[in-house]
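Colleague: Pasting the sequence and the predicted model now:
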Amino acid sequence: MPNFRRADGLPQRIVSLDRKLEAAVGKSIVSSDTALYWRIYKSLGTAPVGNHGQLLSSLQ
């Protein structure tokens, strides 16, 4: 379970914050979630749809 919580108290995965965090720190963000999703997409030979951080965007 992640340590980050949304305003309504539900858990929030870091993968959904990658772009914001990368913009704030000026570097790529690699969390365990992001690395897991990257490996899954890479194994399936596909790419995620939507706007993501640099690691997941590298699959497109």
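Modeller: Nice, I can see it. Remember, predicted model here, so these are calculated numbers, not experimental data.
Colleague: Just give the nearest non-adjacent residue to residue 31, would you?
Modeller: residue 14 (4.0 Å; Cβ to Cβ, 6 or more residues apart in numbering). From N, CA and C alone the C-beta is placed, and that goes for glycine too.
Colleague: burial of that neighbour, as a residue count?
Modeller: For residue 14, the count of nearby residues is 17 (other Cβ atoms under 10 Å).
Colleague: for it, what are its contacts?
Modeller: Contacts for residue 14 (Cβ atoms under 8 Å, 6 or more residues apart in numbering) come out as 2, 4, 21, 29, 31-34.
Colleague: Most neighbours of all those, which one?
Modeller: Counting by other Cβ under 10 Å, top hit in those: residue 34 with 21 neighbours.
Colleague: That one and residue 18 touch, don't they?
Modeller: Yes - with contact defined as Cβ atoms under 8 Å, residue 34 counts as touching residue 18 (6.0 Å).
Colleague: Now for the two: what residues contact both?
Modeller: Shared contacts of residue 34 and residue 18, counting by Cβ under 8 Å, 6+ apart, come down to 53, 55-56.
Colleague: Point out where this protein drops to low pLDDT.
Modeller: 1-3 (pLDDT under 70).
Colleague: for this structure, longest helix please?
Modeller: helix 32-44 (DSSP state H).
Colleague: tell me, what residue is most central in this structure?
Modeller: When Cα atoms, centre = their mean is applied to the chain, the residue found nearest the centroid is residue 15 (2.4 Å).
Colleague: residues near residue 49, how many?
Modeller: Neighbours around residue 49, by other Cβ under 10 Å: 7.
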